[in-house]
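Asks: Prediction below, plus the sequence it came from.
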Amino acid sequence: MILTSLRACSLSSAGLDWYQRITRTAEVGDYEAFAAMLHEDCVYQVNTYLPFYGRNTVVMALQRYRETFEQVEHELLNIHGTDNHFAVEALNHYVRKDGAPVTIPAVVFFDRDEASGGLLSGRLYLDLAPLVETPPPP
């Protein structure tokens, strides 16, 4: 995770730490640690695709997503909101399966359960095409 480009962050230190931990578990594919940070009834949606409901389904979706690339690192730009309801603007730096680097701008909205701190809902918006489509030759 790259923090040197973070221009604005309204989260507390604890809130930023939680976001960094859940993002790092996704970056490295630590599905057990990722699952532990989700509320049992969480919902996760990417773009306009149908949402994934429940902890186990969200973890399976992350596993499938991680199979489409070799590596990802998130460069945080802005984080606005409260510790339990916030939006993150980032650049996602991927290494595709063919070894090509791709950077995709992304925004994610997170809602956490106030009692447990687990992720209740996430909505991720980014253009996935550069991850899977081979660009035409020059």
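Replies: Ah, there it is.
Asks: The lengthiest strand in the chain packs against which elements?
Replies: Residue-count comparison of every strand in the chain, with assignments taken from DSSP state E, identifies strand 69-82 as the longest. Applying 3 or more CB pairs under 8 Å, 6 or more residues apart in numbering; DSSP states H and E, one finds that strand 69-82 contacts strand 8-9, helix 13-28, strand 85-96. All C-beta spots, glycine's among them, are computed from the backbone N, C-alpha and C.
Asks: Reformat these as a markdown table; add mean neighbour count and distance to residue 51.
Replies: Written out in a markdown table, the entries for the helices and strands packed on strand 69-82 read as follows (neighbours: other CB atoms under 10 Å; distance: least, CB to CB, whole Å):
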| stretch | mean neighbour count | distance to residue 51 |
| --- | --- | --- |
| strand 8-9 | 14 | 27 |
| helix 13-28 | 16 | 17 |
| strand 85-96 | 18 | 17 |
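Asks: re the thing from before, pull out the buried positions in the longest strand of the chain.
Replies: Of the residues in strand 69-82, those scored as buried under the neighbour-count criterion (16 or more other CB atoms under 10 Å) are 69, 72-77, 79, 81.
Asks: which residue packs closest to the residue nearest the centre of the chain, ignoring adjacent ones?
Replies: By CA atoms, centre = their mean, the mean C-alpha position of the chain lies nearest to residue 23, the distance being 5.7 Å. If you skip the residues right next to it in sequence, residue 23 has residue 74 as its closest partner in space, 5.5 Å away by CB to CB, 6 or more residues apart in numbering.
Asks: residues contacting that neighbour?
Replies: For residue 74, the contacting residues are 1-2, 23, 27, 90-93, taking CB atoms under 8 Å, 6 or more residues apart in numbering as the criterion.
Asks: ok, so of the residues you listed, who is nearest residue 113?
Replies: Within the contacts of residue 74, distances to residue 113 taken as CB to CB reach their minimum at residue 23, with 18.0 Å.
Asks: Could you verify my assumption that the closest one touches residue 1?
Replies: Yes - with contact defined as CB atoms under 8 Å, residue 23 and residue 1 form a contacting pair (6.0 Å).
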